[in-house]
Structures are given as C-alpha cells and as structure tokens.
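> This is a predicted model, with the sequence first.
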2 protein chains.
Amino acid sequence: MAGIKDIAKLTGLSLATISRVFNDSPLVSKKTKDKVLKAAKKLDYQPNLMAAALRSGKSKIIGVVVPEINNSFFSKIINGIEQKANAHKYTIIIAQSHESKERETKAIQSLIQSKVDGILISISKETDDFDIINRLDSNGTPIVFFDRIPPLENVNQVVFDDYEGAYIATKHLIEQRCNRIIHIAGNPKISIHKKRQNGFIDALKKNNYPFIESDIIHLTMDESEDIKTIQKLLKNKISFDGVFAHGDESCLYLLNVLKTIGVSVPKNVKLIGFGNNKFSELIQPKLSTIDQRCLEMGELATSRLLELLKSKNRMNPETTILSPKLIIRASSSF
Amino acid sequence: MAGIKDIAKLTGLSLATISRVFNDSPLVSKKTKDKVLKAAKKLDYQPNLMAAALRSGKSKIIGVVVPEINNSFFSKIINGIEQKANAHKYTIIIAQSHESKERETKAIQSLIQSKVDGILISISKETDDFDIINRLDSNGTPIVFFDRIPPLENVNQVVFDDYEGAYIATKHLIEQRCNRIIHIAGNPKISIHKKRQNGFIDALKKNNYPFIESDIIHLTMDESEDIKTIQKLLKNKISFDGVFAHGDESCLYLLNVLKTIGVSVPKNVKLIGFGNNKFSELIQPKLSTIDQRCLEMGELATSRLLELLKSKNRMNPETTILSPKLIIRASSSF
DNA sequence: ATGAAAGCGCTAACAG
DNA sequence: CTGTTAGCGCTTTCAT
C-alpha cells in the first residue's frame, strides 16, 4: 500500500506538500499539484483515513443509530442521511439498537470509540435514561435526534408532524363524504400514536363531526375476534364508512377483515393508512396513505449535524418539524 | 477525553501495561489489572480505536457492500452479519451501491481507505468488470461474496440455492394435487431468476408433468393487459390450477389479478411465491413461499471472512450453498 | 510555495 | 510480570 511517503520519494517533494495537495490547500502551485496527482495515480495511492483522523482529530464519519435497519421507514431515512453525508465527504457508520436500551448504549459507545465526529439517532422504545446523551454532550460530540426523540429540552431534533398527518388523513375522508369515520389506534403510550389519535379527534371536531370515544378502535390481531368487533360496529345505528388507521399494516389487516365479511372498499367503506409502506401500492385496492418524507428527514437531520460540525461555538438547539404528504389512491377514492 | 497516558499517570504504571490490560494480555497480574480497570472507569476512558488500528494494522472493521439496505432481503442478511461480527468484536461499516457500478467502486474504495480488515459484498446488477476485486486481492484484503456473486473462479462465496427453492416450491404444488402449474418468471438474464425457472421446469419433468414453453409467463405489470393474459390461460383446454411465482411481489400482484377476475385462491388456484417477504403474512390469504434464511446467509458469510482474517496463509476458496425452506400458508393449502 | 519536524493515541518488539 | 522505546501515516505549526 503506497503512502504519501512513497509519493514524496517519487516526486522529490516533501510530505507536507503532498498532504496539502490531497487537502485541496490553495498553497500549492498547479504544476506541483499535477505532478503529485500523477504520481498518486501511478502508485495507486489510497489515503489512510485513520491516520488522517488520528492526526487531525476529525474522522469525517457520522454515526447513525436506529432501532432497526430492516424497517423501511428507517432505511429510507438512512438513504437520505447517506446522500447528504456523502455529498459533504462524510462517511456514515450505521448501528442498530434493536429496540434495546443496552444495545443502544453499546452502539453509541462503539461510535465514540470509532471517533465519529457527530451522531444522528432515533432512540429505542426502551430508552428512558439519557446519561449517554449527556456524556456525549460533555464530550463535545454533536448529536441530532430524528423521529424518535427523547423528552429533553435543548436538543437538536427533526420530527415528523404526526398530528398534522392524522389531521389531513381524516380531513380527506371527510372530503370524500364519509359520514362516520373510525380510527384504528396504536398504542397511545407511544407518543406518535397518541399524536395521530389527537389529530384524528381534532379533525372530526373542527369539521363538526360528533366524536365519541368508541370511534377509536383497538384491534387485537386475533382475526376471529376482530371480525366480531368490526361486524358489531357495522350493525350500529350509524355504521361507519370511513377508516383512518394509524399505520399501513393495520390498514391492510383491516382491509382483509372487511373483505372476509364482504364489505367492499372503497365502495362501502373508505380507507386510509399511514406511512406509505411499500406494500400499500402492491395490494388491491391500492392504499391511500400519509407519506412521511423519510428521505427529507434524513437529509434535514444531516444538514443540521453538518452545521453543528462546522461552527466551533455552541449553537442554539433547533427543532425541525416535517409536514406530511397526503397520498390518494384507490382505497379512499370515489 | 482520557487516554491510556492518563491512566498511566493515575496508576503509576507504564503505557505498555495499560495497553496489555485492554488487550486481555495474560501477562498482567490480576491486581494491576483491577487497578487499571478501576482507574479507567474513574476517568471514563474510551479507547481510541483509530489509534489502535493505525498502530496494529488491524481495524477490526468489516466492510459490507449491498445494493440497497431498503430491501428486506439485504437488511436481514446485514442483521446476520452484524450479529456474528459483533460477537467477535468486529464492527461493520455498511455501504450501498444502489445498483450502480460506479457507486459500488467508490464504496469499496472508501472502505479500503477506512482500512477495513475484510469485505463482504453482494454485487450490483450493473457490475460487469472486476478490477477492484483483483485489486483488493493483491491488496491482501479478504473478500467474501454473498448472494449476488461475480462470474469468477476461486472466490469465497455464500449463495442461496435458487434452483432447489424453485424445485421444492413446484413439488409442493404437485403434492397439493395441482394438475397444471405455471410459472411467473422474472428476467432470465438475472442468474437467480434463470435458476428458479430451471428448478420449476425440472420439478415438472421429474414428476412426469408435461412441460410446455407456454407454462412460463411473463407479466407486463400493466394490469389490464395481464388480466387478459391470465384470462386467456384460464380458458385453455387445460386451465392452470397452480402458480409458482419467482417472487412474492409478483405473487401478490397475481393474487390481485385473480381476485379481480373472480378466481378464488386457494380453492381454484393454488399459489406459492419466493422470498418470504414481510407482507406475505399480512395479506389474505397468507402467501406460501420459500424462505431464504437471510440471517444464516449473513452469519455464514461472516464466519468465512473471520476464518480468512484469522489464518495468515492463503486459504482455498470455498463456496457455501444455503438450502431453502418451504413455508406453507393458506395460499396453497387445501 | 515548499520543507522540517513534532506528534495524534496507541501497540509491539525488546529488555529486564 | 512490567517498562522503554520506536513508529503506524498522516497533518500542522513554524520556518524559509
């Protein structure tokens, strides 16, 4: 493996000059630069990033921590991160927490030891203490949270507006002339699910729809039981004709339940999900949904981190809120 | 950030001893070891992996190149890789080629510069020259291919037995008493699709089913056109009652087509896909499919790389073939 | 515009 | 079992 030493030998220049060439220093004449580049090519020179990092104190690596990469939501965000990072000559290291607090801590530790310049993280469901984050802070490693944020003040974060997403999804069903709309809810202990639920409720209220507690449905995922639940609802005085599900998965599940009991979508009941999952376009009818603009979330979080990395003095924490996008497909159309 | 120097100062020991402690050298007394560990904790010491790597020539990092992480197949394999690698104190760096030869080359280049100890790669569809691989070889960086392998001799590789998978899928339909089975084929230029096609054909032949060219169907993904194709097939003298699709996506697509034209699955037609995609369990009826044991593929590839990393002398290349697993669900059951 | 020299934090002979 | 020392490949003052 050729190093700058070899180039120095070949060109008769000093190490410093060679180094300057590869760091785009303006202090080198075009002539020498060309000479160095030519020699580098000849020797198939590959800079040793580790040595550079060790010496300069900057690794040009961004650490990314997500619960799971085998999750379209996160892997799309990662694509956004990668894109932005690479465009700025940064490399990323991805670590997974697998929703475990312990593994998350280990992952962060490992990133610190790998001397990442900054960290982008979406915290695990388990995480409830934030010592590591404080440690990172005192360490001087900038950190930007995305999507799953900790309940802390004064942090940089990029979040998705779940409330707004739920609101426009529900409003869409109203505009499609649904008379009674129900919500397939997620676990309200999880903040995004709670927000989606609130968006649903407020959309009803603001549009003068009566809201009753029983409009919010919790499915068990035990099919025969859920079929009973749905059938009972359909036999109500005012049967429902619109459904906003907190996620595409539960929307698909409900679609199957409705098919089983012979309810036609979108003719009898209109459906909208949340998340713009890949499969939502593959099934019949195609699912209307809320797109979360994952790519942009990744890009925004990275841009913010890059800013923090650039400025030497502490910057004021910033919260970026990403607005959702309504995707209308067959499941909610006339 | 505390370093071993600080620990040395605090304990009154030499750098070498401190270093030995963290490298689990047997040459340190229990007493000193404890003293060092205690001091390390007190100072919140984090080893600088880059410095260690630079000095030792071993980064303990494995580079992983895949076409796309936003693809369940690859992200599952990555989970297998991560698991095995972490268990052996290795970190992984993931890079994506996005199916571009150029970006793949860049990704590999970047991994080299990051001084990874070895590389695991599934090559992009575009890749047709293998200079980089030769370069890696001369460089001494061990490399193990998985799933998408290059047409080269003498390489270490772990592949999935697509032929066998197709064979047992088809055989399963035969055992379910299907009389005429068709195959929704992929692009035969892609080797795995070709293999699946061959597995299908051989399963028919070996079981004394007549095989005619027209049993292999290419769908256009233009729905109205495909509906016509399928309807024509159903009106044949011998209508089909079994379908083996080269992937779960096309299987789902076909399922929707069949639903549209009123053909019941599995009553009239039995279906089996390939890949055990996440959604194959979410839809109705649940899809029978072939599971590719991605996790194991990741683990096996990593194990092989770890072996290469351990042994100093060149080892003989090895090809590992992973057998598929039949998953029977509602779409092909009685 | 170029060079000399120090050193980033750690490991690995070698010596004791 | 512990210490001394050189140096991994590069960047970065400081000098010229």
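Received, thanks.
> Give me the buried stretch members for the one helix or strand residue A:79 maps to, please.
Assessed by DSSP states H and E, residue A:79 sits inside helix A:72-87. For helix A:72-87, a neighbour-count test (16 or more other C-beta atoms under 10 Å in any protein chain shown) marks A:72-82, A:84-86 as buried. C-beta here means a position set from N, CA and C on the backbone, and glycine is covered the same way.
> Get me the contact residues on the stretch 51-200 of chain A for chain B.
Within the stretch 51-200 of chain A, the positions near chain B by C-beta under 8 Å from any C-beta of the partner chain are A:51, A:53-54, A:59, A:69-72, A:75-76, A:78-79, A:82, A:91, A:93-94, A:96, A:109-110, A:112-115, A:135, A:139.
> about what we covered before: turn the buried residues of helix A:72-87 into JSON lines, including pLDDT and distance to DNA strand D.
Below are the buried residues of helix A:72-87 laid out as JSON lines (pLDDT from 0 to 100; distance: C-beta to the nearest atom of the strand, whole Å):
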{"residue": "A:72", "pLDDT": "90", "distance to DNA strand D": "37"}
{"residue": "A:73", "pLDDT": "93", "distance to DNA strand D": "37"}
{"residue": "A:74", "pLDDT": "96", "distance to DNA strand D": "33"}
{"residue": "A:75", "pLDDT": "95", "distance to DNA strand D": "32"}
{"residue": "A:76", "pLDDT": "95", "distance to DNA strand D": "33"}
{"residue": "A:77", "pLDDT": "97", "distance to DNA strand D": "30"}
{"residue": "A:78", "pLDDT": "97", "distance to DNA strand D": "27"}
{"residue": "A:79", "pLDDT": "96", "distance to DNA strand D": "28"}
{"residue": "A:80", "pLDDT": "97", "distance to DNA strand D": "28"}
{"residue": "A:81", "pLDDT": "98", "distance to DNA strand D": "24"}
{"residue": "A:82", "pLDDT": "96", "distance to DNA strand D": "23"}
{"residue": "A:84", "pLDDT": "97", "distance to DNA strand D": "22"}
{"residue": "A:85", "pLDDT": "97", "distance to DNA strand D": "19"}
{"residue": "A:86", "pLDDT": "95", "distance to DNA strand D": "18"}
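> ok and the residue in the stretch 151-300 of chain A nearest DNA strand C?
Going by C-beta to the nearest atom of the strand, DNA strand C is nearest to residue A:156 of the stretch 151-300 of chain A, at 25.7 Å.
> That residue pairs with what?
Taking DSSP bridges as the rule, residue A:156 bridges to residue A:144.
> Nearest to DNA strand D: which residue in the stretch 151-300 of chain A?
Closest residue of the stretch 151-300 of chain A to DNA strand D, C-beta to the nearest atom of the strand: residue A:156 (25.1 Å).
> Can you name the residues that contact that residue?
Residue A:156 is in contact with A:142-145, A:304-305, A:308, A:317-319, counting by C-beta atoms under 8 Å, 6 or more residues apart in numbering or on different chains.
> Can you list the helices and strands that the helix or strand of chain A with the lowest mean pLDDT packs against?
Lowest by mean pLDDT, DSSP states H and E among the helices and strands of chain A is helix A:131-139, with a mean of 79. Of the remaining helices and strands, those touching helix A:131-139 by 3 or more C-beta pairs under 8 Å, 6 or more residues apart in numbering or on different chains; DSSP states H and E are helix A:101-113, strand A:143-146.
> can you redo those as JSON lines with mean neighbour count and distance to residue B:33?
What follows is the helices and strands packed on helix A:131-139, written out as JSON lines (neighbours: other C-beta atoms under 10 Å in any protein chain shown; distance: least, C-beta to C-beta, whole Å):
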{"stretch": "helix A:101-113", "mean neighbour count": "19", "distance to residue B:33": "20"}
{"stretch": "strand A:143-146", "mean neighbour count": "25", "distance to residue B:33": "33"}
